[in-house]
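Novice: Any chance you could fold what I've pasted below:
(chains A and B)
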Number of protein chains: 2
Amino acid sequence: MKEIKIFSPATVANVACGFDVLGFCLATIGDEMIIRQTDKKGIKIVKIEGYDLPFEVEKNVAGVSALAMYNDLKPDCGFEIEIYKKIKPGSGIGSSSASAAGSVFGMNSLLGNPLNKTQLTNYAMKGEALASQSEHADNLAPAIFGGFTLVKSTHPLQIIELPTPSGLYVTLIHPQIEIKTSESRAILPKDIPLKNAITQWANVGSLVHGLHTSNYDLIKDSLNDVVIEPHRKQLIPHFDNIKSHAMEAGALGCAISGSGPSIFVLSKGEVVAKTVEQALRNVYSETGVAFETYVSEINTEGIKILT
Amino acid sequence: MKEIKIFSPATVANVACGFDVLGFCLATIGDEMIIRQTDKKGIKIVKIEGYDLPFEVEKNVAGVSALAMYNDLKPDCGFEIEIYKKIKPGSGIGSSSASAAGSVFGMNSLLGNPLNKTQLTNYAMKGEALASQSEHADNLAPAIFGGFTLVKSTHPLQIIELPTPSGLYVTLIHPQIEIKTSESRAILPKDIPLKNAITQWANVGSLVHGLHTSNYDLIKDSLNDVVIEPHRKQLIPHFDNIKSHAMEAGALGCAISGSGPSIFVLSKGEVVAKTVEQALRNVYSETGVAFETYVSEINTEGIKILT
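Specialist: Take a look at the predicted model:
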């Protein structure tokens, strides 16, 4: 039976100013999955390592996305899924997206790639909806397309691949606390001041321009969130302190990754990113909150076949 | 005495999705001004043709911007200003911006260009504030820089020059009605739904990407305003009818120019722009509202010296 092993990357959604639309892909953090074609029809999750997740296909995001695609394509075979989960669920770096993307990407590869990346994202959104109660693509798009992405709309799904300037590095800090998705959502206002919305769309526009022109000063000026961060940062211990130390260490920007609790920092060059990492470790070491840090390049390839 | 004649172009602010931040410059509509260096110190407006505007320097937008720059630079000379006003005040295509930009651009040229374009815009904003009661640069930036511009912030002033895809044409219809600035402002909500704000910044991001990649389909998909237009369109007679006929005629997008009453339409190619013009004329001919229409390329040069 044919099988492939894939790497399904972690991702950062929102990217400061681009709540619900912008995202980018990480290189050094991600799940591994094995997808195996079987004679026996149907989808089966046969192995899960790393974290305690349901084996029932309908209750597992990788299973739900796989099933949505399987039921549409009706291939003359079945699939087994093995999940080697390395991205902690609830960490805010696209754990459920990695699972949802992995199964459909793997199946598509084994079937000879009948679907394009947007179609894969559409199926993966079905799995994502199981985790977040709504169909979002802001983590899925960068996981499947790589680099920076802009989800222009979800219905119909329109994904824009943005350019990635060379030498952009990400530092991540993941405080080992749980933020309930419901809480993280409930804290957001339904209405926002028009004035702040204007600031935010000016920043989105200038960030996109900065990515196109590799203008790091402009990228830095644009990585500001005046809409979501003021509400959500209270859920993340020592956020302001982390941010000020990251910026002092030379970062381009620092904001909440997705709905948190992870915080991401963008820097120009690996040296700065590692200086930032040390600065963040120093801040959190004194707080008693357990944490992990990572440094990664922007992953322009996205999800990929390992073997 | 040295003097120059300049062309100060009309401009379109907001550009559908980019309320308060985006703008572009027109080629075929604009004021002419003569700026003359004099031995006698001070600023004097010596001639105004076209529309009835105040000669008192402090009450004329061209005078106010000129004076702000003059008082800072303290040159060893004075200036006379002649204004040949062709852009009707209150038409929504940057009439006051053209005047405010013209005087400072002309003086700067006569003085050997000591100031850069951003500095000129800063002085011109003082004149603009006389007309609109607040310092805005969304018309000034395209008038002075040309092409498409994004005003990232006004304090400090940060202007981004965006690329202009070739072959983009504008059709304008100017209904001869007056919309009071106060009414046009009062009609806007202080708060807007977060959901709509997200749609708007996705559109701004994708429009900037579309301009960078000359992706006309994406430009078309991005030229939507879900925030301002639903409120302001009621001030403009037959707006929905104009828009649907423009789109049926093959336009990329149609929206209110600035705070109206002019409506702009973007099209790919002059042929479509002229077809659109005829469609708009047909709609308005049946309404009894007096109107004028124009077709123009995007002016990538901006304000310029004629002689």
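
Novice: Now do the same for the helix or strand harbouring A:S206: mean pLDDT, whole number.
Specialist: Secondary structure from DSSP states H and E places A:S206 in helix A:194-213. Taken as a whole, helix A:194-213 has an average pLDDT of 98.

Novice: Can it be said to contact chain B?
Specialist: Yes. Using Cβ under 8 Å from any Cβ of the partner chain, we find that helix A:194-213 touches chain B at A:194, A:197-209, A:212. C-beta coordinates here come from the backbone N, C-alpha and C atoms, glycine included.

Novice: how distant is the helix or strand of chain A with the lowest mean pLDDT from the center of its chain?
Specialist: Ranked by mean pLDDT, DSSP states H and E, the helix or strand of chain A with the weakest confidence is helix A:181-186, at a mean of 83. Offset of helix A:181-186 from its chain centre (Cα atoms, centre = their mean, to the nearest Å): 18 Å.

Novice: Same check on stretch A:263-280?
Specialist: In terms of Cα atoms, centre = their mean, the centre of stretch A:263-280 is found 18 Å from the chain centre.

Novice: can you list contacts of it?
Specialist: A:12, A:93, A:167-173, A:175, A:216, A:219, A:223, A:236, A:239, A:242-243, A:245-246, A:248-257, A:293-295, A:297 (Cβ atoms under 8 Å, 6 or more residues apart in numbering or on different chains).

Novice: So for stretch A:286-298, what gets flagged as buried?
Specialist: Residues of stretch A:286-298 classed as buried by neighbour count (16 or more other Cβ atoms under 10 Å in any protein chain shown): A:F291, A:T293, A:Y294, A:V295, A:S296, A:E297, A:I298.

Novice: Mind checking which of those residues are in strands?
Specialist: A:F291, A:T293, A:Y294, A:V295, A:S296, A:E297 (DSSP state E).

Novice: ok, the buried residues of stretch A:286-298 vs chain B, which is closest?
Specialist: A:I298 (17.1 Å; Cβ to the nearest Cβ).

Novice: tell me which residues of stretch A:98-114 are tucked away?
Specialist: A:98-111.

Novice: quick one, what contacts the residue nearest to A:A197 when sequence neighbours are not counted?
Specialist: Nearest residue to A:A197, sequence neighbours excluded (Cβ to Cβ, 6 or more residues apart in numbering or on different chains): B:A197, at 4.1 Å. Residues in contact with B:A197 (Cβ under 8 Å, 6+ apart) are A:I192, A:A197, A:Q200, A:W201, A:V227, B:V227.

Novice: From the contact counts, what lies against the top strand by length along chain A?
Specialist: For chain A, the strand with the greatest residue count under DSSP E is strand A:22-38. When contacts are defined as 3 or more Cβ pairs under 8 Å, 6 or more residues apart in numbering or on different chains; DSSP states H and E, strand A:22-38 packs onto strand A:3-13, strand A:78-84, helix A:95-110, helix A:140-145, strand A:148-154, strand A:168-175, strand A:291-297.

Novice: Direction included, what does the helix or strand just after that strand pair up with?
Specialist: Per DSSP H and E, the first helix or strand lying C-terminal to strand A:22-38 is strand A:42-49. The pairing partners recorded for strand A:42-49 under DSSP bridges are strand A:78-84 (parallel).

Novice: what's the angle between the strand it pairs with and strand A:3-13?
Specialist: On the basis of axes from the mean of the first three to the mean of the last three Cα atoms, to 10 degrees, strand A:78-84 is oriented at 60 degrees to strand A:3-13.

Novice: which SS class is A:N224?
Specialist: Three-state assignment for A:N224 (DSSP: H, G, I helix; E, B strand; the rest coil): coil.

Novice: show me what contacts it?
Specialist: A:A16, A:C17, A:T199, A:N203, A:G253.

Novice: Hmm, the first one is touching A:G253, no?
Specialist: What that stands for is A:A16. Yes. A:A16 is within contact range of A:G253, at 5.6 Å (criterion: Cβ atoms under 8 Å).

Novice: okay, and the common contacts of these two?
Specialist: A:S222, A:L223, A:N224.
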